[in-house]
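take this sequence and fold it.
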Amino acid sequence: MNSDNNHKEDNTDELMSTKNPELGLTGKGVAPISIPVVNRAIAKYVAARDARMELTTTEVETKRAFIKALRDNQDKIGIVKDGETEVIKYKHDDVTWTLKHGKDELKSHREKVEQDEE
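Numbers count the residues shown, from 1 in each chain. Now for the predicted structure:
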């Protein structure tokens, strides 16, 4: 009898090795679901997310360099009052850039170009 019990335990161990290790179950509905269209959508999203994250890193670095350039040249640009706050204002093309003095708050404002009415 001992040999039968051992044999059954061996079979049980063998069956356990073929089961889903996370659930310990076998059969339909136990394996992870894999839907090709969802998998492709995931891959596309991950690629877009990673590209955005790379661009965000680049944007942050270039913004810091831009702020540093404004601060390094504030004596040439000048500091003006905007309400109660001192700011550095710099106009480039049709965009006015405003940096709050002493803070990293950078804003841009595009001037509206008026078109002549005929």
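
can we go C-alpha only for contacts and neighbour counts from here?
OK.

show me where the protein has strands.
If DSSP state E is used as the criterion, the strands of the chain fall at 79-82, 85-92, 95-100, 106-110.

what's the closest of the ones you listed to I35?
Ranking the strands of the chain by distance to I35, with C-alpha to C-alpha as the measure, places strand 106-110 first at 44.8 Å.

pLDDT on stretch 76-88, on average?
Averaging the model's pLDDT scores along stretch 76-88 yields 89.

model confidence score at the residue nearest the centre of the chain, please.
Centroid-nearest residue in the chain: M53, 4.1 Å away (criterion: C-alpha atoms, centre = their mean). As summarised for this prediction, M53 has a pLDDT of 95.

and N6, by the same measure?
The per-residue pLDDT reported for N6 equals 47.

follow-up on the earlier one: can I get the strands of the chain in TSV including distance to V30?
As requested, those are exported to TSV (distance: least, C-alpha to C-alpha, whole Å):
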stretch	distance to V30
strand 79-82	65
strand 85-92	62
strand 95-100	58
strand 106-110	54
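
dump those strands into a markdown table; add mean neighbour count and distance to L70 as well.
As requested, the strands of the chain are arranged in a markdown table below (neighbours: other C-alpha atoms under 10 Å; distance: least, C-alpha to C-alpha, whole Å):
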| stretch | mean neighbour count | distance to L70 |
| --- | --- | --- |
| strand 79-82 | 14 | 11 |
| strand 85-92 | 16 | 7 |
| strand 95-100 | 17 | 8 |
| strand 106-110 | 13 | 10 |
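
for A47, which of those is the nearest?
For these, proximity to A47 was assessed by C-alpha to C-alpha; strand 106-110 is nearest, at 29.4 Å.

sheet-wise, list the partners of the closest one with their directions.
strand 95-100 (antiparallel) (DSSP bridges).

what comes into contact with the partner strand?
Around strand 95-100, the neighbours that count as contacts under C-alpha atoms under 8 Å, 6 or more residues apart in numbering are 67, 85-91, 105-111.

off-centre distance for it?
From the chain centre to the centre of strand 95-100 is a distance of 26 Å (C-alpha atoms, centre = their mean, to the nearest Å).
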